[in-house]
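Asker: Give me a model of this one.
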Amino acid sequence: MFRLAYVPGVTPAKWVGIWTERMPDVPVTLVTVPAAQVVGLLRSGGADAGFARLPVDRDGLSVIPLYVETTVVVVPKDHAAAAADEVVIADLVDDEVFHPLDDTIEWAVRPGLPAFTRPATTADAVELVAAGSGILLVPQSLARLHHRGDLTYRPVPDAPQSQVALTWPTDATTDLVEDFIGIVRGRTANSSRGRTPASPAEKPAQRQAQKPAQSGSGRRAVPAGRKSKGRRPR
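Answerer: Numbering: from 1, shown residues only. Reported below is the predicted structural model:
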């Protein structure tokens with residue numbers, strides 16, 4: 001069994017599908033975990049590998065950055081931002097912006113005005129946006145995950161972005177982890193995982209067969225039926 005953790009918004013179905021085709025005898029157990037808890041789960045042995053959102057505490061972990069997500073603003077459908085194809089941070093200066101405790105976007109300066117509360121989760125923040133209490137900036141996959149009919153979202157190209165990565169405990173880099181890394185990196189089923197097998201040692205008889213035949217005196221052997229030329233007398 002291979003245990004794969006993933007944070008909300010990440011869709012591992014493509015990689016899991018390839019795994020199932022290549023390794024039907026090794027089932028995959030998927031574990032959904034909040035973004036703030038994925039590192040603890042891996043360190044405790046609760047999963048073999050996981051998809052996380054950077055940054056994470058990398059102590060004892062191996063990390064392969066995969067892709068960067070567009071940041072979007074989630075607003076009610078009657079919000080002014082809904083009329084534009086995209087917005088910039090300056091357009092949100094007068095809005096109250098929720099900053100949930102599970103936010104993984106690194107802000108040098110948070111946009112807009114601080115909201116009246118910090119929701120525990122992104123899901124809680126979306127509920128407050130729907131109630132008309134403020135707006136929210138999240139990776140696009142989270143906006144899709146928490147989609148509601150009364151809300152919409154727009155790209156914010158000048159906002160910091162979130163990056164998704166594959167991570168696992170370095171000391172627990174098993175063959176199954178190596179197999180999954182290969183799938184995520186797009187290796188084919190026949191490609192090497194980087195472990196080069198030692199070439200078999202040559203047998204003494206094989207080494208002897210490769211040497212040219214020599215006579216006991218060190219001179220080249222004379223083929224049968226051919227006379228050896230003597231030295232010309234001086």
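
Asker: helix/strand/coil for the residue positioned nearest the centre of the chain?
Answerer: By CA atoms, centre = their mean, the chain has its centre lying nearest to residue 166, at 2.9 Å. Classification of residue 166 using DSSP: H, G, I helix; E, B strand; the rest coil returns strand.

Asker: residue contacts, it?
Answerer: Going by CB atoms under 8 Å, 6 or more residues apart in numbering, residue 166 touches 49, 50, 51, 63, 64, 66, 180, 181, 184. Glycine gets a C-beta too; all of them are placed from N, C-alpha and C.

Asker: what number of residues lie near the last one?
Answerer: Neighbouring residues of residue 184 were enumerated by other CB atoms under 10 Å; the total is 17.

Asker: just to revisit the earlier point, quick one: the residue nearest to the centre of the chain and residue 41, what's the gap?
Answerer: Applying CB to CB, to the nearest Å, the value for residue 166 to residue 41 is 14 Å.

Asker: same check, this time on residue 123
Answerer: Distance from residue 123 to residue 41, counting by CB to CB: 19 Å.

Asker: who's more crowded, these two?
Answerer: residue 41 (17 against 14).

Asker: in the strand or helix carrying that one, what's buried?
Answerer: Secondary structure from DSSP states H and E places residue 41 in helix 38-43. Under the neighbour-count criterion of 16 or more other CB atoms under 10 Å, helix 38-43 has 38, 39, 41, 42 buried.

Asker: wait, which of the residues you listed is closest to residue 108?
Answerer: Nearest to residue 108 among these, counting by CB to CB, is residue 39 at 23.2 Å.

Asker: got a list of what the closest residue to that closest one other than its chain neighbours touches?
Answerer: Distances taken as CB to CB, 6 or more residues apart in numbering put residue 56 closest to residue 39, at 5.2 Å, once the chain neighbours are dropped. Each residue near residue 56 by CB under 8 Å, 6+ apart is listed here: 38, 39, 63, 165, 167.

Asker: how does it look with 10 Å?
Answerer: Counting by CB atoms under 10 Å, 6 or more residues apart in numbering, residue 56 makes contact with 35, 36, 38, 39, 42, 50, 63, 104, 165, 167.

Asker: quick one: low-confidence ranges for the protein?
Answerer: Counting by pLDDT under 70, the chain shows low-confidence ranges at 191-234.

Asker: Swap in 50 and give it another go.
Answerer: Scanning the chain with the threshold set as pLDDT under 50 gives 194-234.

Asker: about what we covered before: which one of the contacts of residue 56 has the most neighbours?
Answerer: Counting neighbours by other CB under 10 Å, the top entry in the contacts of residue 56 is residue 50, with 26 neighbours.
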